[in-house]
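Q: coords below, sequence missing:
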């Protein structure tokens, strides 16, 4: 039975590329039939990466059957995975996020979680010398994953290993990291095709502080103005999205990749207070610039207070 | 701050030896001060292994402070760890059991779980070439862990990797695996000093089937008669232990290591029915021999039905 390999429900470059890499490794090196899958439409950067390296877009699936063999990458959070995931035959988990608890397996399996910026970095280490057999597109996908998750090494989640491995891949492929990053970030910044609600849910994680449930959304872009021009309708949409998703408040951080800062939308007193307590910053109007803040994992979530 | 490295609350050889191995690796190779700890008194085999290799018995601790740096080995089950474990600063988890869910970390950490028989086998792979710097006692502890968890390669949990690594360690140390195993199993079989309740809790895991909660206990021994001679008082003690520990029934499997079979004590109709449904075996009296059954993980837990 073919193993389905997938990441989380909001496929960015890592959650699109890492399943492709691992399915290649299982099928071609380990001799275990495997296929990459997606749990949603890839974002514009991931779609660019697929086209750029000539990779087919994996099939989008909405669920998994009980006892179906699966490998989970780039998340260990049941909320980001299909309902009934614990009834599947989870064969391995490869991830770089904190352990949230909730996934259960029927027997001992391979689990590898490391505090690196990117799932593809961990896979590079696991694949080892066998990577020499990988086609250019697989190596290219790995490089793109690392560029994406590290924001071209700007994110504080970047480790020496992420950087060294990206540089080794780029050298092997004869690719200029700066050129590829520029194209990827331009693709990510083209948000014209998305509705406000889609933007608010595109790269978003639910996170509770005490009794308050947040949807913490980030939009990484080289063109923050394009997003901020839509701030009034985005703030209106926040209320509907929060209601539909059963959270108290959507927080939207527009991450300016090149200038390494975020702009938080401040639609009400609740968010104003959160900004004051979490980032020691006073919002004068309905936006608040947070210099240096680019990582939800390292800089936003750990500081969030109500 | 010194990192505390510990396994589960019923320290067998792996849960005693693996913390010693990893604390050595962190302290001596990685330059990160670390100390092995125990969450209970080591069993007789583990105590023999400490004495045999000239290792100090690690300090027994009853809890961990909030934010104390810890590494968890040989379990990922909060029920087998100190209360409030999620408030500690969990820095890594190295284990070979199924993911049960429940442990949570504050950030991304190193987690390595593999479907091997023994934690020490995983550590051998992680330590790699640095093991050349290990003193004989550290290598000896690793070898003993593998012999213990594989029942000298008799358990169906044994993988090719466990066996190959044990054989490499034995060769390096100039040790006959058979000799060491015989001494270890003799130590494990000496249960004269333990009360019935202690025996029932010595190597025990809670496991629910539907609404029925079991304490599934195994006693691995080369002298099953010594235990079975005490079966009447063990069966009486089961009721008290079950009540005290909040489970419905204690199941005791006396594992005959050398003959590769188990004897299940059958104190009542409930256990008789469990035996019939789980192992397709009819108990005529108050004991039931299960040929070939030696592994709780592979053969008992997955088959348990009510």
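A: Here it is on my side, so go on. For clarity, every value in this text was computed on a predicted model and none was experimentally measured.
Q: partners of the helix or strand of chain A with the lowest mean pLDDT, with directions?
A: Ranked by mean pLDDT, DSSP states H and E, the helix or strand of chain A with the weakest confidence is strand A:204-209, at a mean of 92. Its sheet considered, strand A:204-209 pairs with strand A:212-221 (antiparallel) by DSSP bridges.
Q: Now the helix or strand just after the strand it pairs with: buried residues?
A: For strand A:212-221, the following helix or strand on the C-terminal side (DSSP states H and E) is helix A:224-228. Burial within helix A:224-228, assessed by neighbour count using 16 or more other C-beta atoms under 10 Å in any protein chain shown, is assigned to A:224, A:227-228. For the C-beta atoms, the positions are set from N, CA and C on the backbone; glycine is no exception.
Q: Could you do stretch A:187-203 as well?
A: Buried, per 16+ other C-beta under 10 Å, within stretch A:187-203: A:187-189, A:191, A:194, A:196-197, A:199-203.
Q: List the contacts of that stretch.
A: A:10, A:12, A:43-45, A:47-49, A:148, A:215, A:217-223, A:226-227, A:230, A:233-234, A:236-238, A:240-241, A:245, A:250, A:252 (C-beta atoms under 8 Å, 6 or more residues apart in numbering or on different chains).
Q: at 7 Å what do you get?
A: Outside stretch A:187-203, the residues that touch it by C-beta atoms under 7 Å, 6 or more residues apart in numbering or on different chains are A:10, A:12, A:43-45, A:48, A:217-223, A:226-227, A:230, A:233-234, A:237-238, A:240-241, A:250, A:252.
Q: do stretch A:78-90 as well
A: Identification of contacts with stretch A:78-90 by C-beta under 7 Å, 6+ apart yields A:8-9, A:39, A:63-64, A:66-70, A:72, A:75, A:102-105, A:109, A:206.
Q: what is the mean pLDDT for that stretch?
A: Across stretch A:78-90, the average pLDDT comes to 95.
Q: And the strands in the stretch 151-300 of chain A, which stretches?
A: A:204-209, A:212-221, A:249-256, A:261-265, A:287-291 (DSSP state E, counting those that start in this stretch).
Q: Which residues of chain A lie near chain B?
A: When proximity is defined by C-beta under 7 Å from any C-beta of the partner chain, chain A lies next to chain B at A:96-115.
Q: Just the buried ones from those residues?
A: For the residues of chain A next to chain B, a burial check counting by 16+ other C-beta under 10 Å picks out A:96-103, A:105, A:108-115.
Q: which regions of chain A sit below the pLDDT cut-off?
A: Residues of chain A meeting the criterion pLDDT under 70: none.
Q: if we can go back for a sec, can you give me the angle the least confident helix or strand of chain A makes with strand A:249-256?
A: Put simply, strand A:204-209 runs at 130 degrees to strand A:249-256, going by axes from the mean of the first three to the mean of the last three C-alpha atoms, to 10 degrees.
Q: before we move on, back to that, let's see which of the residues of chain A next to chain B end up in helices.
A: Using DSSP state H, the subset of these located in helices is empty.
Q: Kindly tell me how buried residue A:239 is, as a neighbour count.
A: By other C-beta atoms under 10 Å in any protein chain shown, 13 other residues sit near residue A:239.
Q: ok so, going back, can you pick out the ones from the buried ones among the residues of chain A next to chain B that are in strands?
A: A:110-113 (DSSP state E).
Q: ranking the strands of the stretch 151-300 of chain A by burial, who's on top?
A: With neighbours taken as mean count of other C-beta atoms under 10 Å in any protein chain shown, those reach their highest mean count in strand A:249-256, at a mean of 24.
Q: Would you mind pulling up the elements that that strand packs against?
A: strand A:212-221, helix A:224-228, helix A:231-245, strand A:261-265, helix A:269-279 (3 or more C-beta pairs under 7 Å, 6 or more residues apart in numbering or on different chains; DSSP states H and E).
Q: Go through the strands of the stretch 151-300 of chain A and name the closest to residue B:161.
A: strand A:204-209 (36.4 Å; C-beta to C-beta).
Q: Which parts of chain A belong to which domain?
A: Following automatic domain parsing, chain A resolves into domains at A:3-186, A:196-303.
Q: picking up where we left off before, which one, of the helices and strands packed on strand A:249-256, ends up nearest to residue B:281?
A: strand A:212-221 (50.7 Å).
Q: ok, residues contacting that closest one?
A: So strand A:212-221 is in contact with A:151, A:188-189, A:199-200, A:202-207, A:227, A:241-242, A:245, A:247-257, A:296, A:300-301, A:306, going by C-beta under 7 Å, 6+ apart.
Q: So residue A:49 versus residue B:77, what's the distance?
A: The gap separating residue A:49 from residue B:77 is 39 Å, by C-beta to C-beta, to the nearest Å.
Q: again with residue A:95
A: To residue B:77, residue A:95 is 19 Å away according to C-beta to C-beta.
Q: One more: residue A:143?
A: 38 Å.
Q: still on that earlier bit, so for residue A:49 and residue B:77, which sits in the more crowded spot?
A: Taking other C-beta under 10 Å, residue A:49 and residue B:77 do not tie; residue A:49 has more neighbours (30 against 20).
Q: could you list every residue that touches the more buried one?
A: Residue A:49 touches A:13, A:16-17, A:141, A:144, A:184, counting by C-beta under 7 Å, 6+ apart.
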